[in-house]
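1. from the sequence below, what's the structure:
(chains A and B)
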There are 2 protein chains.
Amino acid sequence: MRFNYPRVLEKLTIIAPGLLGASIGMAAKERFLAHHISVWARREETRESLASEQWCDESPEAIEDACSGSSLITLCAPVERIIELAQRIAPGLDSNPIVTDVGSVKTKLSRHCSKALKGRARFIGSHPMAGSEKTGMDNASADLFEDRTCFITPLEDSEPDARYTVKSFWQDLGCHVLQERPEKHDAIVANVSHLPHLLASALASYLSTAIPDSGQFCGNGLKDTTRIASGDPQMWRDIIIQNRPEIIRVIDAFEDELQRFKANIANEEDFAVLQTLADGKAFRDKLDAEHP
Amino acid sequence: MRFNYPRVLEKLTIIAPGLLGASIGMAAKERFLAHHISVWARREETRESLASEQWCDESPEAIEDACSGSSLITLCAPVERIIELAQRIAPGLDSNPIVTDVGSVKTKLSRHCSKALKGRARFIGSHPMAGSEKTGMDNASADLFEDRTCFITPLEDSEPDARYTVKSFWQDLGCHVLQERPEKHDAIVANVSHLPHLLASALASYLSTAIPDSGQFCGNGLKDTTRIASGDPQMWRDIIIQNRPEIIRVIDAFEDELQRFKANIANEEDFAVLQTLADGKAFRDKLDAEHP
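-> Numbering: from 1, shown residues only, chains lettered A, B, ... in the order given. You can find the predicted model right below:
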């Protein structure tokens, strides 16, 4: 029998903490995953408030100081800022650290970050599926990653040791870790994450003009179905920009499904209508059984 | 200052209890809304199990006995069976009762039930928006109607006194009551209830073939967005059949919205994309503020 003790990192660096970065820090501190946690934030007020956080051992002004001597650096900025952060930290890296991120789109990011960090650090992309419509450090918690899926998206030539460290780190934070090629990852999340979000937004946007006073007729079904439309619009615009071709492909495919469903309804093909409803139920019941 | 004491009904009759009918019985008993609650179910096993329920005073075999002397009869069968139940009970009614129902589509049902009961009873259609993906008597509860919206859909010529009784009854069960013409009701629910359900079903059905193993990548967003797809397929097929023209109209309108959204994404009209996301968020945040 083999026991999986968490590996203790000498120094964990968190760059640009928001919901995810601060939650990583809290969880890592609580689970003793690092001897020392250094956090860098762009804004001075954030650095000052970090100074009083239990989970943060230091919050230096210079990003180089946060990264110097680090074992593992996590880039937690919004997805469109991660490549520029990798380019920015690369010259100052002095300990051949492993670098990962939390961006929700991976293809372009993984290639560019690997290239920017080549010879200075070993990059392994990550995507913990633990976002929420509630963003920011104020909503962070040590158990955010408990039982969540986290993708890691190494490139073909990435070091097995670095893959293992990043995988173990997320597992120690509570995640189920899946390894996928970045391209495959982006196709999967376009389907299971981006499409649901865009439908929730489109439905909420549609209803805001079709039935402006929907609030007074609101049942739980409408609340559930549109909940994620409360997510940060800027963040989602940036995700869309990063994953544009895959997103257009899945909207096309979904439109075909909806078109068929509507045609069956219009043509009184009620058995086919029932079949779609039953297929949807089977899928959803299975989700519930797998993720109670 | 005026106090709204609940009116106590001499005899409340519940026909064909499922989630809604049994919840009406439990809530009416708990809130002392009726001196006597009579419940009729088609199946003998159901009638036997009703006999041991605290909230049920009797469960006679003959539907005529359940309705005889009644003050208020609620028809709680699935929407496609309500008209036939109204026709069935009409000849035996002996107390000029008020009759209502819980069907989620109202236009055809209201006209037919009123006609079937003319001279024997006064019909006022109702639609409490308190359904759930969990159906059946086993999921019933006395607080199911607490803070839910209930439509009442009287016809032009219905008696003010009957409207008042039905409205008060739902209010006493905990509902916010809205009065609408049946046609207007059906257009509203096609938008705020049926469209969200069909999108959840279409999304779940689409993903079941596109990404059959979605379960392992499942975040809370996907779970929320598809939750109502777990609803009973037969029940939803019947709702679709009852409200077909309105449903086709709203799917058309939603398809236009989605098509515009997709075109903006494809054309890199990122400001317009942000606008849709922001409109959706504003709508959803308002729902949350109004229904915490």
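
2. quick one: the helices in chain A?
-> Here chain A has its helices, by DSSP state H, at A:19-30, A:44-51, A:63-67, A:82-89, A:107-117, A:160-173, A:182-189, A:195-210, A:220-226, A:233-242, A:244-266, A:270-290.

3. so which elements touch the third one?
-> Think helix A:63-67. strand A:9-15, strand A:34-40, helix A:82-89 (3 or more Cβ pairs under 8 Å, 6 or more residues apart in numbering or on different chains; DSSP states H and E). C-beta: built from backbone N, CA, C; applies to glycine.

4. could you give the angle of the first one to helix A:44-51?
-> Yep, that's strand A:9-15 we're talking about. 150 degrees (axes from the mean of the first three to the mean of the last three Cα atoms, to 10 degrees).

5. list the contacts of strand A:9-15.
-> A:21-22, A:24-25, A:28, A:33-40, A:63, A:66-67, A:69-77, A:85, A:89, A:97, A:169 (Cβ atoms under 8 Å, 6 or more residues apart in numbering or on different chains).

6. need the buried ones from those residues selected in PyMOL.
-> Of those, the buried ones can be selected in PyMOL as follows, counting by 16 or more other Cβ atoms under 10 Å in any protein chain shown:
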select buried, chain A and resi 21+22+24+25+28+33+34+37+38+39+40+63+66+67+70+71+72+73+74+75+76+77+85+89+97+169
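
7. which stretches of chain A have low pLDDT?
-> Residues of chain A meeting the criterion pLDDT under 70: A:1-6, A:292.

8. I figured A:Gly215 hits B:Asp285, correct?
-> No - proximity of A:Gly215 to B:Asp285 does not meet the contact threshold set by Cβ atoms under 8 Å, at 10.8 Å.

9. those two: which is more packed in?
-> A:Gly215 (18 against 14; other Cβ atoms under 10 Å in any protein chain shown).

10. quick one: the closest residue to that one other than its chain neighbours from A:Cys218, how far?
-> Residue nearest to A:Gly215 in three dimensions, not counting chain neighbours: B:Glu290, with 4.0 Å by Cβ to Cβ, 6 or more residues apart in numbering or on different chains. Separation of B:Glu290 from A:Cys218 (Cβ to Cβ, to the nearest Å): 7 Å.

11. A:Leu287 too?
-> 24 Å.

12. swap in A:Val8?
-> For A:Val8, the distance to A:Cys218 - Cβ to Cβ - is 49 Å.

13. roughly how far does A:Ala27 sit from A:Gly21?
-> Distance from A:Ala27 to A:Gly21, by Cβ to Cβ: 11 Å.

14. so who does the residue nearest to A:Gly215 touch?
-> Applying Cβ under 8 Å, 6+ apart, the residues near B:Glu290 are A:Gly215, A:Gln216, A:Cys218.

15. and what of A:Ala263?
-> Contacts of A:Ala263 were listed using Cβ under 8 Å, 6+ apart, and they are A:Glu269.

16. so who does the closest residue in space to A:Glu255 that isn't next to it in sequence touch?
-> Excluding the flanking residues, the one nearest A:Glu255 by Cβ to Cβ, 6+ apart is B:Leu258, at 6.6 Å. By Cβ under 8 Å, 6+ apart, the contact list for B:Leu258 reads A:Leu199, A:Ala202, A:Ile251, A:Glu255, A:Leu258.

17. still on that earlier bit, to A:Gly125, which of the helices of chain A lies closest?
-> helix A:107-117 (4.3 Å; Cβ to Cβ).

18. show residues contacting that closest one.
-> For helix A:107-117, contacts defined as Cβ under 8 Å, 6+ apart pick out A:75, A:79, A:82-83, A:86-87, A:90, A:93, A:99, A:101, A:103, A:123, A:125, A:153, A:155, A:158, A:182-183, A:185-186, A:242.

19. repeat for stretch A:166-178
-> A:4, A:6-7, A:9, A:24, A:27-28, A:31, A:33, A:72, A:98, A:100, A:124, A:126, A:128, A:130, A:143, A:145-152, A:179, B:216-217.

20. may I see the buried residues of that stretch?
-> A:Val166, A:Lys167, A:Ser168, A:Phe169, A:Trp170, A:Asp172, A:Leu173, A:Gly174, A:Cys175, A:Val177, A:Leu178.

21. looking at the residues you listed, which one is closest to chain B?
-> Ranked by distance to chain B (Cβ to the nearest Cβ), the buried residues of stretch A:166-178 are led by A:Leu178 at 6.6 Å.

22. just list whatever residues bridge to the closest one.
-> Listed beta-bridge partners, A:Leu178: A:Phe151 (assigned using DSSP bridges).

23. distance of it from A:Val102?
-> 15 Å.

24. show me which residues of the stretch 1-150 of chain A are close to chain B?
-> Within the stretch 1-150 of chain A, the residues that sit near chain B (Cβ under 8 Å from any Cβ of the partner chain) are A:Met129, A:Ala130, A:Gly131, A:Ser132, A:Arg148, A:Thr149.

25. so what's the fifth one up against?
-> This points to A:Arg148. A:Pro128, A:Met129, A:Ala130, A:Gly174, A:Cys175, A:His176, B:Gly219.

26. pick out the most distant pair among these.
-> A:Gly174 and B:Gly219 (14.2 Å).

27. list buried residues within the contacts of helix A:107-117.
-> Here, 16+ other Cβ under 10 Å leaves A:75, A:79, A:82-83, A:86, A:90, A:93, A:99, A:101, A:103, A:123, A:125, A:153, A:158, A:182, A:185-186, A:242 buried among those.

28. what about the residue nearest to A:Gly215, distance to B:Ala187?
-> Distance from B:Glu290 to B:Ala187, by Cβ to Cβ: 21 Å.

29. same thing with A:His112?
-> 50 Å.

30. ok, now A:Thr165?
-> For A:Thr165, the distance to B:Ala187 equals 58 Å [Cβ to Cβ].

31. now do A:Leu277
-> 22 Å.

32. okay, the two: which has more neighbours?
-> Taking other Cβ under 10 Å, A:Leu277 and B:Ala187 do not tie; A:Leu277 has more neighbours (27 against 20).

33. check contacts around that one.
-> By Cβ under 8 Å, 6+ apart, the contact set of A:Leu277 is B:Ser201, B:Ser205, B:Ala229, B:Gly231, B:Pro233, B:Trp236, B:Arg237.

34. top of those by neighbour count?
-> B:Ala229 (32 neighbours).

35. list the contacts for that one?
-> A:Leu277, A:Gly280, A:Lys281, A:Phe283, A:Arg284, B:Glu133, B:His197, B:Ala200, B:Ser201, B:Leu203, B:Ala204, B:Ser205.

36. the third one contacts B:Gln234, correct?
-> No - A:Lys281 lies out of contact with B:Gln234 (Cβ under 8 Å); the separation is 10.4 Å.

37. of the two, who's got more company?
-> In terms of neighbours (other Cβ under 10 Å), A:Lys281 is the more surrounded of A:Lys281 and B:Gln234; the figures are 24 against 13.

38. excluding chain neighbours, what is closest to the closest residue to chain B within the stretch 1-150 of chain A?
-> Nearest residue of the stretch 1-150 of chain A to chain B: A:Met129, at 4.2 Å (Cβ to the nearest Cβ). Nearest non-adjacent residue to A:Met129, counting by Cβ to Cβ, 6+ apart: B:Gly219, 4.2 Å away.
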